[in-house]
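Novice: Can you look at this prediction? I've put the sequence above it.
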Amino acid sequence: MTHLRKFVSSVPEYRRISRGNFKHKLEDILMLVLLGRLSKCITRAEILQFGKHHLKRLQAKGLFPYGLPSEATLCRVFQSIDDEKMADRMSAFADFFRKEISTSSTDIICIDGKAMRGTLYENGRNPDIVSAYSLRSGFTLATDVCTEKSNEIKSVPRLLDKLDVSGCVVTADAMSFQKVIIDRIRDKGSDFVIELKANQRSLRYDFLEKHYPDGEYHAVYESGFSGFSTYYALQEVGIDCIVIHAADVPTTQYEETMKTDKVDAVKLVKSLKAGLLTGIYIHKRDDIDARAVVRLRKTIQKQLGGYKSRVKHLLHSNGWFSPNGFPNLAAIGRKFSSTG
């Protein structure tokens, strides 16, 4: 509560405090809005209703000595307050609180941009908000507004400059796969996991060869439905790759509870870097194809046995059976097919 009050008092006053009679302090109004939003109150009316319900407790803390503001006052505050300065103060507060409650310096910072569907610019398009989210603390640490979708590439470096991400792992989508962004992440002392789209196969290796020609490249992924096509493709371009069984990856209780694709990816990267992973044996491509044919044949054989059992059951249930046993089903099938 002390840190929260320090935060609201640090937000600059937009009103002319040297002139005029102000009934409510800006920090009191901001405190009411924050506490209301934390209590899942969305609209101004809901926030004021929350304030009425807890007015005595708020006044005991020295807030609102003259009662609550009106809904029109809240509306004027929302419209007139400096959004950028407010966001900067909020980012500093969230980053401080994240470090205070975190038990480890290692954190996963997820960066992504989303369109604000309820807001429109004069040109009719929605603003894009690029945000940095702390997976460990559950806070949005910082935001940056870009006027166009393409400007998200410029927003990510500005967003990183607002944060202390040293020792953390930064994740982002394919739009952030830019040299200026990757260099900024590395300069701030953090690792990164940036995904690529399926149509960017050549970019994956060309980018590494162009910007990190002397680097050693290693890849790892879990065996599963995707098979070994990725393994063969990486081996063809000279990237060392191993495929591991999911049960062989060291996993903490936190990683089991917060199981997402990004968390799993970071877990694999850390284990690979520490040398804790051993890949499974992978056959040659021709052997894999031959094995697939053999397995398909066995599957069809089992299915044929099931089909024959269903036909026999149908014949038996309709009285088409003989004391000497069932006739040859293959001969019956040929007979029916020949008579058409």
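Specialist: Alright, I've got the coordinates.

Novice: Show the contacting residues for the closest residue to Ile47 other than its chain neighbours.
Specialist: Spatial nearest neighbour of Ile47, chain neighbours left out: Gly36 (3.7 Å); criterion: CB to CB, 6 or more residues apart in numbering. For glycine as for every other residue, the C-beta is placed from the backbone atoms N, C-alpha and C. If you count contacts by CB atoms under 8 Å, 6 or more residues apart in numbering, Gly36 has them with 46-47, 50-51.

Novice: give me that answer again for 10 Å
Specialist: For Gly36, the contacting residues are 42-44, 46-51, 54, 74, by CB atoms under 10 Å, 6 or more residues apart in numbering.

Novice: Kindly confirm my reading that it is in a strand.
Specialist: No. When DSSP: H, G, I helix; E, B strand; the rest coil is applied, Gly36 is found to be helix, with no strand at that position.

Novice: thinking again about what came up before, out of the contacts of Gly36, flag the one nearest to Ile129.
Specialist: Ile42 (17.6 Å; CB to CB).

Novice: Can you say which helix or strand has that closest one in it?
Specialist: Using DSSP states H and E, Ile42 falls within no helix or strand.

Novice: for Val156, same thing?
Specialist: Assigned by DSSP H and E, Val156 belongs to helix 152-161.

Novice: what's the nearest residue to His283 if we skip its chain neighbours?
Specialist: Looking at His283 with CB to CB, 6+ apart, the closest residue is Arg291, at 6.9 Å.

Novice: How many residues are close by that neighbour?
Specialist: Neighbourhood size, Arg291 [other CB atoms under 10 Å]: 11.

Novice: Surely it is in contact with Ile282?
Specialist: No. If you go by CB atoms under 10 Å, Arg291 and Ile282 don't touch, sitting 11.5 Å apart.

Novice: Show me where the chain has its helices.
Specialist: 2-10, 26-38, 44-53, 55-60, 71-80, 83-101, 152-161, 179-187, 201-211, 229-236, 253-257, 261-273, 285-317, 329-339 (DSSP state H).

Novice: Mind putting the ones you listed into a markdown table with distance to Ile242 and mean pLDDT?
Specialist: As requested, the helices of the chain are exported to a markdown table (distance: least, CB to CB, whole Å; pLDDT from 0 to 100):
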| stretch | distance to Ile242 | mean pLDDT |
| --- | --- | --- |
| helix 2-10 | 45 | 74 |
| helix 26-38 | 45 | 85 |
| helix 44-53 | 53 | 90 |
| helix 55-60 | 58 | 88 |
| helix 71-80 | 54 | 84 |
| helix 83-101 | 34 | 71 |
| helix 152-161 | 31 | 85 |
| helix 179-187 | 24 | 87 |
| helix 201-211 | 17 | 65 |
| helix 229-236 | 8 | 81 |
| helix 253-257 | 20 | 79 |
| helix 261-273 | 8 | 86 |
| helix 285-317 | 16 | 84 |
| helix 329-339 | 48 | 58 |
